[in-house]
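Enquirer: From the sequence below, what's the structure:
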Amino acid sequence: MSRLLGCACEKLQVEGPISILRGAELTLGHSVYLSAGCEISNHGPVRMGDCVVCGPGVKIRSEAGAPVWIGDRVWIGEGAVILPGARIGDDAIICAGTRVEGEVAARTVVAGNPWRVLRVVR
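Expert: A predicted model of the protein is given here:
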């Protein structure tokens, strides 16, 4: 799978069909899980840290000059949309259907469109 994606990733798990439209750098940490229907459209860099879980139908978009950075141990719920320029800190939880733009702090649970912090996990 690493050769197919053109990136160094260990223990990548893919469930069902996914779509990756590569136009720029894609970096996946170890133990990344992509559920059916995930779409990554990286016209700018996309970096996913270690132990990231993406639920069904998650969409990640980046553009030149607006990379997407996803930290370690992040859970992204079903149907969430990660927009260009988003930065998600370690141990964050993105609830189902959430639209993320801007920066999500580490150890926070966010939901909604526009997203808001539901709680901070200590």
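Enquirer: In the chain, where is pLDDT below threshold?
Expert: Segments of the chain classed as low confidence (criterion: pLDDT under 70) are 1-10.
Enquirer: can you pull out the helices in it?
Expert: Assignment of helices within the chain using DSSP state H yields the ranges 2-5.
Enquirer: which residue sits farthest out from the middle of it?
Expert: Residue distances from the centre of the chain (Cα atoms, centre = their mean) peak at residue 122, which lies 22.0 Å from the mean C-alpha position.
Enquirer: Let me know how buried residue 23 is, in neighbour terms.
Expert: Counted with other Cβ atoms under 10 Å, residues neighbouring residue 23 total 12. Just so you know, the C-beta spots here come from the backbone N, C-alpha and C atoms, and that holds for glycine as well.
Enquirer: hmm, I was thinking of residue 108
Expert: 18.
Enquirer: got a list of what the nearest residue to the residue farthest from the centre of the chain once chain neighbours are set aside touches?
Expert: Counting by Cβ to Cβ, 6 or more residues apart in numbering, the nearest residue to residue 122 once its immediate chain neighbours are dropped is residue 107, at 7.0 Å. By Cβ atoms under 8 Å, 6 or more residues apart in numbering, the contact list for residue 107 reads 89-92, 120-122.
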